[in-house]
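Enquirer: The following comprises the amino acid sequence and a computationally predicted model.
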Amino acid sequence: MIEQRLDAESVKKELIAKYPDKVGKKRGNQMQVNHVAEDGTVPMVLANSRTTPGIITQRGCTYAGCKGVVLGPTRDIVNITHGPIGCGFYSWLTRRNMTDAGEDGENYMMYSFSTDLKEENIVFGGEKKLEAAIQEAYDLFHPKAISIFSTCPVGLIGDDVHAVARRMKEKLGINVFGFSCEGYKGVSQSAGHHIANNQLFKHIVGLDDEVRGQKKFRVNLLGEYNIGGDAWVIEDLLKRCGFELVATFSGNSTYGQFANSQTADLNMVMCHRSINYVAEMMEKKYGIPWIKVNFVGAGATAKSLRKMAAYFEDAELVARTEQVIAEEMVKVEAARERHSARCKGKTAMLFVGGSRAHHYQELFTELGMKVLAAGYEFAHRDDYEGRRVLPTIKIDADSRNIEEIHVEKDVEKYREHLAARKAELEAKGYTFSDYEGMMPEMDQDSLVIDDISSYETEKIIEIWKPDVFCAGVKEKYVIQKMGVACKQLHNYDAGGPYNGFSGAINFYKDIDMRVNSPVWHLVKAPWSAVETTEPALA
Amino acid sequence: MTLLRHTPKGEVQPREALVVNPAKTCQPIGAMYAALGIHGCLPHSHGSQGCCSYHRSTLTRHYKDPVMASTSSFTEGSAVFGGQANLLASLQTIFSVYDPKIVAIHTTCLSETIGDDVPQITKKAIDEGKVPEGKIVFHANTPSYTGTHVTGYANMVEGIVKYLVKKTGETTEKAVVIPGWVEPSDMREIKRLVSAMGIDYVMFPDTDGVFDAPMTGKHVFYPKGGAKVEDIATAGDAKVSFALGAVATKLASETLASKHGVQGQLLDLPIGLAATDRFVDAMRTAYGASVPESLEDERGKLVDMITDMEQYLWGKKVAIFGDPDQLIALTEFLQTLGMQVRHVVTGTEGNYIQQRLSEINPDANVKVGGDMFLLHQWMKNEPVDLLIGNTYGKYMARDEDVPFLRFGFPILDRQGHQHFPTVGYTGGIYLLEKILGLLMDRIDRDVEEKRMELQM
């Protein structure tokens, strides 16, 4: 049975009809029917703007973006949450970023550290307690670095975590630094990413200039958090192709990698939203160019590897990369054929993150599925419309308060030859510092919704009945209660890795399971459509 | 390869400022859980949106079921100028879009630090027509920097009494049952016990049918479970209240007594034989009722199982962490089983807790206001045969190669707690079966081949 789908413009009207006028107007600006013009431009989506109070949002806070997302996967820094106990508790092991510290390497990821602020600290200040906590952490663990994450009340009571960090750094002789990532800052996790980027750059990047390992083809991977082992897949691929991975920000990372990351020749940005700031700052200070890559989807992985190899203009590297791609694609093709036969023509929606809603569309396309609607939880306009709109993004009251650090060229460490290579390659049509955004790659007349609400989630499922809806844990069971499969794209429902070629195969398999599981046909009891009145056995 | 590889054995260095691996979380999540035990209620978190997101995520992971709640989504501006505008806007949006019967607002460390006056803002919302006729908005103060998640539960339950309970003056034979923070399955079992005693009752909060909703192809935004507002209102005319678990319910029980004159009986959570006996006996005495044969049978079955299996339990050492009401009742049960409770840690502080836990476990290491790092150090210094606690315990259990019973909140990696109760005699049988399974699986795993036994 083929039902005529309601058009996107009418769906949009339905989604906002119930809202109070002001809310409806704003939500209307945060939703657009996609239209890609011939020059590649797309409609403007209101993004990175305040959440409507009471609307039931997917979003979290700045602390979550800083401590949870960017610094969460760091295993050898003692990350202390400065605040009441909750924030440290909820961000304890709740993202699936895995790490491999080996048999006896430093690994604090299974620990939660907090200053556990009490009422008297709120009244009289918490700096003394913070200082004591850092001392106790040092005495117990002797780590190479300790960091401090500010929660909401810290900013209000005026604790100067940076001054405490400076004092303790001097006293202990290890690196101690703080993040002013109070939850109320910004409008979502996004502000926390920015704050995390700034401090990583200020306090760690550049501390160690020794070039270790392979001298050529040195790269950093930015914005990959090793959920379900994703980073390990890429580490393996890069090694086989012949690249030297200096640092990953921050999946399966170490403090030492960050400190040494300026020795790389190229930065690859995976999650544009959460990490582009570090890429930009490293280019300004050290001359390292950056390119956007995507390792979600077999096609996207091949494309990204080729682009990396092309940057170094080395015949052997290119040949090895092609060989790896060819070997992997044989396996991918077999799996793709098997699963796409069962998934083809089915429909999906993706509402998640600041990159994933874009990246994962690749995999659905490879399965022959159609993406009806998508949107991000905490992205900015450039993640929707591409970096071309950056100059037109207005700075508002919420983003103005997030520090933009001023970075200058480091005369000693700036690598002129990398800048020269960039210029040369650009002349040949190679693109740097470029992200096209999600919308240019989406179908005409698909619906793009920023910061989708719980109400809109239910409504759009009701109207368009997708076969699978990708979201996070808070949405998961609402969607499934509606009889629709939900694939979590934050924690992968315990699945993954989904990166690279082997990851693509994992994803095909998992989506096949989601959309073809017999259980969806068992939601209604066999007798639900039958009206029995007479007992069969009299 | 050890997981918690930086936890040292040997002398325990005292800590005064740093909490490592907390055995507690903050107030608002308890308030959210309690509020969801009211039918048709939308909990609202007045603070930054991250709080609401964290609480919903944690409860969702614990139950694998929808957890609906809204937030005031504070910005830096609200943190400076107050959250009134955000709360007013929230209420307007909530009632136009989600149409709850009742909204339960709880505060956060942010709104408490800036001193937002929630009742005043609510009044303003009502005056401005942002709360439709017949709808209820009430609140509880739950500053995250005092107490723990259990305190938040206690404060919200007290809020229910303050705002929703009415008195007509005509006393009824009804009992009020105020359960501590237990699972939906436990709430269901408690109701069954009271019914079995032939007592008419009103129970709140009641999360039975809220976090264990069936799959029907439709998301029922306000699930069919939950205490109904009109039923809660009748509690002021009740004859007696049974508050189960003093830390979580004492406030509500006392407020019900002082405000409406309902005589309160403060009991332990009915976990294990003796605590369930005390609950049943309290009901029997208050109502002059006789204990039905069905309950006597259930009790007998629990005692029977203990006597049948005591050789596997006697003298076994246990370490346990979690919430105080649970620890008080459960450690008593473990003593009943002949087990030795060696280490007890709760993150929730209080003299009452210290006193009860030390009384029940006189020879054990007891830390009230402690953390799991300390517990782990104790376990390294004096190993145990069984660890009991929430999911975070699994890292210690694996490192120390100790059988691990998941019990308490949160359980993020197993199912069953929403369906199978641990309160009452039947719950005791279930708990005992779980403990025996763990200990006996361990014997089957570790025993020398020549000593392998078929029957146990």
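Expert: Sure thing, it's come through.
Enquirer: Just the mean pLDDT for whichever helix or strand residue A:335 is part of, thanks.
Expert: Per DSSP states H and E: residue A:335 is located in helix A:315-343. Taken as a whole, helix A:315-343 carries a mean pLDDT of 98.
Enquirer: Pull out the buried residues from it.
Expert: Across helix A:315-343, burial judged by 16 or more other Cβ atoms under 10 Å in any protein chain shown covers A:317-318, A:320-321, A:324-325, A:328-329, A:332, A:335-336, A:339-340, A:343. (Each C-beta comes from the backbone N, C-alpha and C, glycine too.)
Enquirer: How are the strands of chain A distributed by residue range?
Expert: Secondary structure of chain A (DSSP state E): strands at A:31-33, A:78-82, A:113-114, A:145-150, A:175-179, A:218-224, A:244-250, A:266-269, A:290-292, A:347-351, A:370-375, A:447-449, A:468-471, A:485-488.
Enquirer: just chain B next, same as before
Expert: B:19-20, B:41-46, B:70-71, B:102-107, B:136-140, B:175-179, B:201-203, B:240-244, B:263-267, B:317-321, B:340-346, B:365-368, B:386-389, B:404-406.
Enquirer: For residue A:310, give me its contacts.
Expert: For residue A:310, the contacting residues are A:318, A:425, A:430, by Cβ atoms under 8 Å, 6 or more residues apart in numbering or on different chains.
Enquirer: give the contact list for the residue in the stretch 351-456 of chain B that chain A sits nearest to.
Expert: At 5.3 Å from chain A, residue B:395 is the closest residue in the stretch 351-456 of chain B, using Cβ to the nearest Cβ. When the contact criterion is Cβ under 8 Å, 6+ apart, the partners of residue B:395 are A:110, B:3, B:4.
Enquirer: ok, those vs residue A:103, which is closest?
Expert: Nearest to residue A:103 among those is residue B:3, at 12.3 Å by Cβ to Cβ.
Enquirer: which non-adjacent residue is nearest that closest one?
Expert: Distances taken as Cβ to Cβ, 6 or more residues apart in numbering or on different chains put residue B:395 closest to residue B:3, at 4.5 Å, once the chain neighbours are dropped.
Enquirer: who wins for proximity to residue B:232 among the strands of chain B?
Expert: Proximity to residue B:232 (Cβ to Cβ) singles out strand B:201-203 among the strands of chain B, at 6.6 Å.
Enquirer: what lines up beside that closest one in the sheet?
Expert: strand B:175-179 (parallel) (DSSP bridges).
Enquirer: Quick check: residue A:108 touching residue A:73?
Expert: No. Here residue A:108 does not reach residue A:73: they are 11.4 Å apart, not a contact under Cβ atoms under 8 Å.
Enquirer: and for the two, which residues touch both?
Expert: Contacts common to residue A:108 and residue A:73, judged by Cβ under 8 Å, 6+ apart, are absent.
Enquirer: The helix holding residue A:335: how far from the chain's middle?
Expert: For helix A:315-343, the separation from the chain centroid amounts to 25 Å (computed by Cα atoms, centre = their mean, to the nearest Å).
Enquirer: if I look at the residue nearest to residue B:3, how far off is residue B:68?
Expert: Distance, residue B:395 to residue B:68, using Cβ to Cβ, to the nearest Å: 31 Å.
Enquirer: which ones are touching residue A:47?
Expert: Listed by Cβ under 8 Å, 6+ apart, the contact set of residue A:47 reads A:30, A:376, A:379, A:380, A:381, A:383, A:384, A:450, A:451.
Enquirer: Just the closest of those residues to chain B, please.
Expert: Of the contacts of residue A:47, the one sitting nearest to chain B (Cβ to the nearest Cβ) turns out to be residue A:451, at 10.3 Å.
Enquirer: and the residue of chain B nearest chain A?
Expert: The minimum distance from chain B to chain A, using Cβ to the nearest Cβ, falls at residue B:50 (2.4 Å).
Enquirer: got a pLDDT number for the nearest residue to that residue once chain neighbours are set aside?
Expert: Leaving aside its sequence neighbours, residue B:50 sits nearest to residue A:61 (Cβ to Cβ, 6+ apart; 2.4 Å). Reported pLDDT at residue A:61 in the predicted model: 98.
Enquirer: List the contacts of residue 176.
Expert: All of this is about chain A. Neighbouring residues of residue A:176 by Cβ under 8 Å, 6+ apart: A:134, A:145, A:146, A:147, A:148, A:165, A:166, A:168, A:169.
Enquirer: Please refer instead to chain B.
Expert: Contact analysis of residue B:176 by Cβ under 8 Å, 6+ apart lists B:201, B:202, B:203, B:204, B:235, B:238, B:240, B:241, B:242, B:256, B:262.
Enquirer: Which stretches in the stretch 201-350 of chain B count as helices?
Expert: Along the stretch 201-350 of chain B, counting by DSSP state H, counting those that start in this stretch, helices occupy B:229-233, B:246-260, B:273-287, B:293-313, B:324-336.
Enquirer: Done for today, thanks.
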